[in-house]
Each structure stands twice: as structure tokens, then as C-alpha cells.
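> one predicted model, sequence on top.
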Amino acid sequence: MASSAYDADPVALLKVLLATVEADIIPLTSKGVSSGSKLFGAAILSKAGLVPLTVSTNNEVASPLLHGEINCIQQFFAQTSFPDPLDASKPASSQRPNPRDCVFLATHEPCSLCLSGITWSGFDNFFYLFTYEDSRDLFSIPYDIEILQEVFRVPAVLTSSGSGETDGEDLEARQLYNRRNKFFTARSFEDLVREISEKRGGVEATKWSDEVKRVKALYNELSDTYQKGIKGGTESASFWK
């Protein structure tokens, strides 16, 4: 459920997030995948006015650590001026907004590196267009899930039901990370569509579900370009292609 002014209207929020992906992130990503980088991008917006403050994309050609989210965070903290979130006519301010006053947008559900980067940087939320499963199944990039499973997900201690037999736990049924925790709340674009359905009804939700699908489809060509580059031997600093 919506928790504060910036996300009180899921329609307005989703509209801006989709527009930011299409108009700001995708053009940068198109250039990135042409040079061999993955198609993950990110943006940081003000909660007040939902104005994009920084926009970035993956740059693993330069470093395997420069994921879209990390690149965006680095830009946010290195940037020397920021637009006024409520009045575009005002000159840019040199004061960096508090991360708590920002919305973090990721085109793809953040990997373990980026989850940590978002958390350590102080952002209390993020929204994502594609899920981990989308990254694996649509874009042939399975490493977000594999690293979380292999490095971070420790098997639970086996417990007894009291009958003398040991009960196991279905690890595959466990979430890979806590989407709501003391540091941040994570929501997908599909979560916003469900909120729209609750608040505005099914007709409005269907409209925005179709819009989410349209923007997702814009990544088909980007994925093809990236995969062709990998198969063609495009050089990248990333170990995991």
C-alpha cells in the first residue's frame, strides 16, 4: 500500500517511472549495449515532483562493478547541481537531496551488489520494471538469482515436527531477499498495477498493465544487440557474460 505523498497516487507514480525508462534510460542503454555493456539502467528521482535527478546505465566495459544502479549512485554523489524538484524555472541547486527524499528506479530488480549499494547509500525505496526471473528467462542473464542463492541464502536449520521425523524446508520457495525491511521497501511495476486495480478498478489497471508491457517490449532489441555482441566476442571487463 502507498505510504507517503510521493506514492499516494500509483497512477501518477507509474506514469513518471515508465516515462523515465523510455525517455531517459533507454537512450543511454542503447549506447551501452552497443559497446558490450548489459542492459541494466537506473534513475534517481525526487519524491517531491517526481523529477529525474540522475540517470545512468551499466558500464561493465570499464569495470564489472559499474552496474546501472551503482553508476547512478556514483553520479548522484559526484554531481554538483540538481534541478529544483518543484520549479524547473529555478537555477539548479548545489545542494544534494537527501537519499530519503528520493525515489530509486531500476530497470531490472537489483542484484546483490546493487541491493547493498542502495542500502548503504540511504535510499529507503526502489521500484523495478523487470524481475530476476525476467533477467534470467528473457535476457539470458541468470547471475542475479544464482549469486543470491549460492552466496547469500544459507540453508535453514532442520526442525522436527515432534513425531521423531526431521522436516526439511523448501529453499526454492523462500524469497531471495526481504522486499520490505528496516532499510527499504521494494516494489515492482506490477505491484503498482495491482495498487491501481485496488484504487481505480480493473479497467484502469488493464490500461497501465498494457503500458508496462509496451515499455518492456522496447528492451527486446536491446537484448538482441547485447547477446549478438557477446556471441561475437565483444570485450567487457565483466567476468559473468
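Arrived safely, thanks for sending.

> what helix or strand is the residue nearest the centre of the chain on?
By Cα atoms, centre = their mean, the chain has its centre lying nearest to A106, at 2.3 Å. Per DSSP states H and E: A106 is located in strand 102-108.

> could you do L53 as well?
Here L53, judged by DSSP H and E, is contained in strand 52-57.

> what average pLDDT does that strand get?
For strand 52-57, mean pLDDT is 97.

> what do you get for stretch 94-105?
The pLDDT scores in stretch 94-105 average 95.

> so which bits of it are buried?
Using 16 or more other Cβ atoms under 10 Å as the test for burial, stretch 94-105 gives 97, 99, 102-105. The way it works is simple: take the backbone N, C-alpha and C, and place the C-beta from them, glycine included.

> just stretch 192-204 next, same as before
192-193, 195-197.

> who's in contact with that stretch?
1-2, 10-11, 13-14, 17, 127, 205, 208-209, 212 (Cβ atoms under 8 Å, 6 or more residues apart in numbering).

> can you add distance to I44 and pLDDT and give these back as JSON lines?
Below are those laid out as JSON lines (distance: Cβ to Cβ, whole Å; pLDDT from 0 to 100):
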{"residue": "M1", "distance to I44": "23", "pLDDT": "36"}
{"residue": "A2", "distance to I44": "20", "pLDDT": "39"}
{"residue": "P10", "distance to I44": "19", "pLDDT": "96"}
{"residue": "V11", "distance to I44": "21", "pLDDT": "96"}
{"residue": "L13", "distance to I44": "14", "pLDDT": "97"}
{"residue": "L14", "distance to I44": "17", "pLDDT": "97"}
{"residue": "L17", "distance to I44": "12", "pLDDT": "98"}
{"residue": "F127", "distance to I44": "11", "pLDDT": "98"}
{"residue": "A205", "distance to I44": "27", "pLDDT": "98"}
{"residue": "W208", "distance to I44": "23", "pLDDT": "98"}
{"residue": "S209", "distance to I44": "26", "pLDDT": "98"}
{"residue": "V212", "distance to I44": "21", "pLDDT": "98"}
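
> just the buried members of these?
With neighbours counted by 16+ other Cβ under 10 Å, the contacts of stretch 192-204 contain buried members at 10-11, 13-14, 17, 127, 205, 208-209, 212.

> about what we covered before: format the contacts of stretch 192-204 as JSON lines; extra columns: distance to R187 and secondary structure.
Below are the contacts of stretch 192-204 laid out as JSON lines (distance: Cβ to Cβ, whole Å; DSSP: H, G, I helix; E, B strand; the rest coil):
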{"residue": "M1", "distance to R187": "10", "secondary structure": "coil"}
{"residue": "A2", "distance to R187": "10", "secondary structure": "coil"}
{"residue": "P10", "distance to R187": "9", "secondary structure": "helix"}
{"residue": "V11", "distance to R187": "14", "secondary structure": "helix"}
{"residue": "L13", "distance to R187": "10", "secondary structure": "helix"}
{"residue": "L14", "distance to R187": "10", "secondary structure": "helix"}
{"residue": "L17", "distance to R187": "10", "secondary structure": "helix"}
{"residue": "F127", "distance to R187": "5", "secondary structure": "strand"}
{"residue": "A205", "distance to R187": "15", "secondary structure": "helix"}
{"residue": "W208", "distance to R187": "14", "secondary structure": "helix"}
{"residue": "S209", "distance to R187": "15", "secondary structure": "helix"}
{"residue": "V212", "distance to R187": "13", "secondary structure": "helix"}
